[in-house]
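1. here is my input, please return the structure:
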Amino acid sequence: MRMIAVALVTIIVTACGDDPAPPHYGYEIHQNPGVPEYGLIARGSSLAIVLASDIDMSLTGNDKLTISQELAHAGFSVASLDLPSHHAGEEPPGLDGWRRRIDAGETGIFTSFCDDVSAVLDDLHATRVTVVGISRGGYVAAVCAARDERIQSIALLAPVTDLMRLREFSGAMLDPAIYGLAQYVPILATRPVLVRIGVNDQRVGTNAAVAFAHSIGAKVELVKADGHIVKDRGDTARWVLAHR
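-> Predicted coordinates:
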């Protein structure tokens, strides 16, 4: 059983009206030679990559129906990888791991991960893909989308758009030429992008996310939310279906 890393944001999908809840879709772990480990819900010919924390949290969540499950119910195949420093047993885990690795001079922490994402797309023979990034996964999703032209549409949910907004990076010295998303604006501005975030998200900064969204011409959806939580009643899945 894989360990589950705690995500920074909860994406909650609720059933509308009296409709029964969709079925729960399991996933398989793929460990093919020369390819990074990834999880896959195999449902259809359209592929979505969901990046949130580790594979298990990204594909199944905990006691809530996640966006991955909603996409699977809509007929997508959904894949995910462990984000950097989110593989079971890594110390320190999560964002603290990001901070330590960056402080140690690992400038390729995210670009190397995006190379892994591209290798998974190769393994799946993907030619056109949607990426959904949740919170910290939103930052990584933006980087990966800019580095692989097969990622044709991007949905960012309560996304980190500036690492310096995170308390884990308090006092850090980050080179914007390496870690800033502004460098990817010309590329991302050519793709359909959705940014959904709470009206007062103090964790990642609503204003920062909206400013980034405007810089790339993204569709912005500000939602009523309690902190770093975005309630989703199928809105993201519908957007992804329209832009696959």
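2. rest of the way, CA atoms for contacts and neighbours
-> OK.
3. neighbouring contacts of the biggest helix by length in the chain?
-> The longest helix of the chain (DSSP state H) is helix 109-123. By CA atoms under 8 Å, 6 or more residues apart in numbering, the residues outside helix 109-123 that reach it are 35-36, 38, 81, 83-84, 98, 101-102, 127, 140, 143-144, 147-148.
4. recalculate using a threshold of 6 Å.
-> Residues outside helix 109-123 that contact it (CA atoms under 6 Å, 6 or more residues apart in numbering): Cys144.
5. run the chain-centre distance for it.
-> Distance of helix 109-123 from its chain centroid, counting by CA atoms, centre = their mean, to the nearest Å, is 14 Å.
6. next SSE downstream of that helix?
-> Of the helices and strands lying after helix 109-123 in sequence (DSSP states H and E), the nearest is strand 129-134.
7. please save the CA atoms from that following strand in CSV.
-> Written as CSV, here are the backbone C-alpha positions of strand 129-134 (Å, rounded to 0.1, in the frame of the first residue of the first chain):
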residue,chain,number,x,y,z
VAL,A,129,-3.1,15.8,-23.4
THR,A,130,-4.8,17.9,-20.8
VAL,A,131,-3.0,18.6,-17.5
VAL,A,132,-4.7,19.5,-14.3
GLY,A,133,-2.6,21.0,-11.5
ILE,A,134,-3.9,21.3,-8.0
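8. gap between the spatially most central residue of the chain and Glu106?
-> By CA atoms, centre = their mean, the chain has its centre lying nearest to Gly133, at 1.8 Å. To Glu106, Gly133 is 22 Å away according to CA to CA, to the nearest Å.
9. would Leu156 count as being in a strand?
-> Yes - per DSSP: H, G, I helix; E, B strand; the rest coil, Leu156 lies within a strand segment.
10. that one against Gly137, yeah?
-> No - if you go by CA atoms under 6 Å, Leu156 and Gly137 don't touch, sitting 8.3 Å apart.
11. which strand residues bridge the residue lying closest to Asp226 once chain neighbours are set aside?
-> Spatial nearest neighbour of Asp226, excluding adjacent residues (CA to CA, 6 or more residues apart in numbering): Gly198 at 7.5 Å. Counting by DSSP bridges, Gly198 is bridged to Val223.
12. how about the contacts made by Gly198?
-> For Gly198, the contacting residues are 222-225, by CA under 6 Å, 6+ apart.
13. now stretch 39-49: average pLDDT?
-> Mean per-residue pLDDT for stretch 39-49: 96.
14. equivalent analysis for stretch 122-131, please.
-> Mean pLDDT, stretch 122-131: 98.
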